[in-house]
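# Turn this into a model:
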Amino acid sequence: MKVIHRLVPSLCTALVFFIHSPAQALANVDSWAQDGVEAARGAGLEPAVLASAEAAAPITRAEFAAVALEAYKAVTGQEPALDAPAAFPDCDDPAVTAALGLGLVKGRSDGTFAPGATINRQELCVMLANTAKAAGKPAEAAGDLSQFPDAGTVDWWALEAVTAMTDYGIVSGVSNYGALSIDPFGTATRQQAMILSGRFVETFAQDDPEAAPWVPDDPEAQGEPPESGGAGTTPEPGIPVKDNAVTGIFPITEEEKQLLVFGEVVEYFQTEAEAEAAMAEIEVPVWRLLESGEKKAGTAKLKVHAALGPVLQAVFQEIFNGEEQFPIKNIGGYAWRSSERSEHRWGTAVDLNWEENFEAEIGEDGELIATTGNYWKPGEDPYSIPEDGDVVRAFKKYGFSWGGDAWTSKRDYMHFSYFGR
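Numbers count the residues shown, from 1 in each chain. Next comes the predicted model:
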């Protein structure tokens, strides 16, 4: 099953209008991107390789190498030579070779360049940071990304570049589930790459580059300009406003949730391989309880449905920021289960501290009979989840149900599920 986020007519509250591009230019630029793309085009940042290419489609490595080369030329006023011999066995594009010579791009570990491969947002930041360095205006990170809920997912090798591009206002974040996120693994489209490159040139063409005025990367992102630490604030929760995503106000309906996770037609994963392909591993901030009773900040990784990655990062960031500093020692998400109705099989459920937050049947006399785990003792055991605490509030805020009060037939205090199963 392909996990595709498409709009159904009943959920379309606004139409996406396309602007016809002039000949030999990026095609079908979305209306929200028109001004930014035109500004970048006016700065000479649209290489010939993008002529008539679909604006909303992902930009390739070779295409962005050409854009980065144009950005270098715009910042420095220098015209790089394009007559060097090809450096990669799979790519003889002169722009790629020139960009490699300047240090704007690098090849893959196997010696290839993979010119047709797409790039994500953190890779784009690295290439822009390389361009600034090559232009003699290195972009140094002054803050951090601590306020972004998905900051912990940025790869170590891209962290400095992503932070610097955020500090300078080149990258401002996208609105996912109402939280302003870096979205490091989000695929960059051609029109997004043009807009970010335009901001880059506007900033680094100055003798003394300063942060540009804050503008969200996403056309409908909500929030405030980043704090001095380079991080954005978290707006009120809402539906993600990425390309082809549903837009609306939180809380979202069952129909909208199904559209986000499954697409127009709800087809449950039939094979483990199919499910695995739809998952992503995320890293979230957590508090660890030491033997001394003190709490120490740490991180935890879990595998979940890729569509829910940003919202779960926002959930755990709120738990981490809470006054309780609730400690987490066990965490689980996706797991292949025999039942096709299992939310763990879908990657839409999370279990926490299962020994201290048991699953139990409710006996005829109302007594809880443990089926998984040992007990639930909130207020007595620090790992037990209070029903009115930070953990339950954070999950419910973002549309999850808690097994501690979701059903009349049983209790599952460890369990949080997106569809209430």
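# Show the pLDDT at Val265.
At Val265, the model reports a pLDDT of 66.
# hmm, who's touching stretch 84-92?
With contact meaning C-beta atoms under 8 Å, 6 or more residues apart in numbering, stretch 84-92 is reached by 62, 93-94, 96-98, 100-101, 107, 111-115. (C-beta placed from N, C-alpha, C; glycine too.)
# First-to-last residue distance for that stretch?
10 Å (C-alpha to C-alpha, to the nearest Å).
# That one - what's its average pLDDT?
According to the model, stretch 84-92 has a mean pLDDT of 89.
# what's the spacing between it and its chain's center?
Chain-centre distance of stretch 84-92: 33 Å, with C-alpha atoms, centre = their mean, to the nearest Å.
# re earlier: of all the contacts of stretch 84-92, which comes closest to Leu352?
Nearest to Leu352 among the contacts of stretch 84-92: Ala114, at 39.2 Å, using C-beta to C-beta.
# Now do the phi/psi pair for the residue most central in space within the chain.
Taking C-alpha atoms, centre = their mean, the centroid of the chain lies closest to Asp183, which sits 2.6 Å from it. Here the main-chain torsion angles of Asp183 (degrees, to the nearest 10) amount to phi 50, psi 60.
# From the contacts of stretch 84-92, list just the buried residues.
Ala62, Asp93, Pro94, Val96, Thr97, Ala98, Leu100, Gly107, Phe113, Ala114, Pro115 (16 or more other C-beta atoms under 10 Å).
# From Pro378, how far off is the second one?
Spelled out, that is Asp93. Distance from Asp93 to Pro378, counting by C-beta to C-beta, to the nearest Å: 61 Å.
# one step back: now go through the contacts of stretch 84-92 and say which are in helices.
Residues of these located in helices (DSSP state H): Ala62, Pro94, Val96, Thr97, Ala98, Leu100, Gly101.
# Might one say that the second one is in contact with Asp83?
Yes - counting by C-beta atoms under 8 Å, Pro94 sits close enough to Asp83 to count as a contact (7.3 Å).
# Mind putting the ones in helices among the contacts of stretch 84-92 into JSON lines with distance to Val311?
Listed next are these as JSON lines, based on distance: C-beta to C-beta, whole Å:
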{"residue": "Ala62", "distance to Val311": "34"}
{"residue": "Pro94", "distance to Val311": "43"}
{"residue": "Val96", "distance to Val311": "37"}
{"residue": "Thr97", "distance to Val311": "42"}
{"residue": "Ala98", "distance to Val311": "41"}
{"residue": "Leu100", "distance to Val311": "38"}
{"residue": "Gly101", "distance to Val311": "42"}
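# out of the contacts of stretch 84-92, which one sits closest to Tyr398?
Ala114 (35.9 Å).
# Model confidence for that closest one, exactly?
Checking the pLDDT column for Ala114, the value is 88.
# Phi and psi next, for it.
phi 60, psi 60.
# thought it was touching Arg61?
Yes - with contacts counted by C-beta under 8 Å, Ala114 reaches Arg61, the gap being 5.9 Å.
# Now tabulate the contacts of stretch 84-92 in TSV and tack on distance to Val392.
Listed next are these as TSV, based on distance: C-beta to C-beta, whole Å:
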residue	distance to Val392
Ala62	49
Asp93	54
Pro94	58
Val96	52
Thr97	56
Ala98	56
Leu100	52
Gly101	56
Gly107	49
Gly111	52
Thr112	49
Phe113	49
Ala114	45
Pro115	49
